[in-house]
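*Asks:* return a 3D structure for these sequence lines:
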Amino acid sequence: MAEEGLPAGKAAEVRASFARQGLMCAIGAAITELGPGRCALELPFSEGVSQQHGFFHGGIVGALADTAGGYAALTLLPVGSEVLTLEYKINFLRPAAGRRLLAEGAVLRAGRSVLVTRVDVFVLEEGQRHACAALQQSIMRAGAAPG
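*Replies:* Residues are numbered from 1 along each chain as shown. Here you go, the predicted structure:
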């Protein structure tokens, strides 16, 4: 689990924020990589994240990708910041059929108030990884989360 290059306290802040994500906790997602402008999340396949054909549900693919992009953006903001998604567009490239889902988020541009990210989503199966979705999003800097 890489966390190199982040300012002191930033990795812990991002991980604490992620731990407050009810959906991510409920589905079993985990941060697997964190660095400046980068975040990767993984999710094991289960019946609870599937659709009727036995693939990862598209809503889950989108939620995982949205979250990876948001935390990639958060790594570049000062400690105490938060982020909110303004919008995203997702392209599904193939059915998300595999044992694990991997979302790799990277910041394309970090402005003063809006950051643009790209997230590539892969399914992992028997040592192979196959692209199944691509997401681009706009993220806004927000004040600290309540509570």
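*Asks:* in the protein, where's the longest strand?
*Replies:* The longest strand of the chain (DSSP state E) is strand 128-142.
*Asks:* sheet partners, orientation included, of that one?
*Replies:* Sheet pairing of strand 128-142 (DSSP bridges) gives strand 82-92 (antiparallel), strand 114-125 (antiparallel).
*Asks:* can you tell me how far the residue nearest the centre of the chain is from residue 132?
*Replies:* Residue closest to the mean C-alpha point of the chain, counted by Cα atoms, centre = their mean, is residue 68 at 1.3 Å. According to Cβ to Cβ, to the nearest Å, residue 68 stands 14 Å off from residue 132. Yep, even glycine has a C-beta here, placed from its N, CA and C like the rest.
*Asks:* what mean pLDDT would you report for the longest helix along the chain?
*Replies:* Criterion DSSP state H: the longest helix present in the chain is helix 58-74. What helix 58-74 shows for mean pLDDT is 98.
*Asks:* what is that helix packed up against?
*Replies:* Where contact means 3 or more Cβ pairs under 8 Å, 6 or more residues apart in numbering; DSSP states H and E, helix 58-74 is packed against helix 10-19, helix 22-27, strand 38-44, strand 82-92, strand 100-110, strand 114-125, strand 128-142.
*Asks:* show me how far it is from its chain's centre.
*Replies:* 3 Å (Cα atoms, centre = their mean, to the nearest Å).
*Asks:* tally of neighbours for the closest residue in space to residue 64 that isn't next to it in sequence?
*Replies:* Using Cβ to Cβ, 6 or more residues apart in numbering and skipping residues adjacent in sequence, the residue nearest residue 64 is residue 103, 4.6 Å away. Residue 103 has 28 neighbours, counted by other Cβ atoms under 10 Å.
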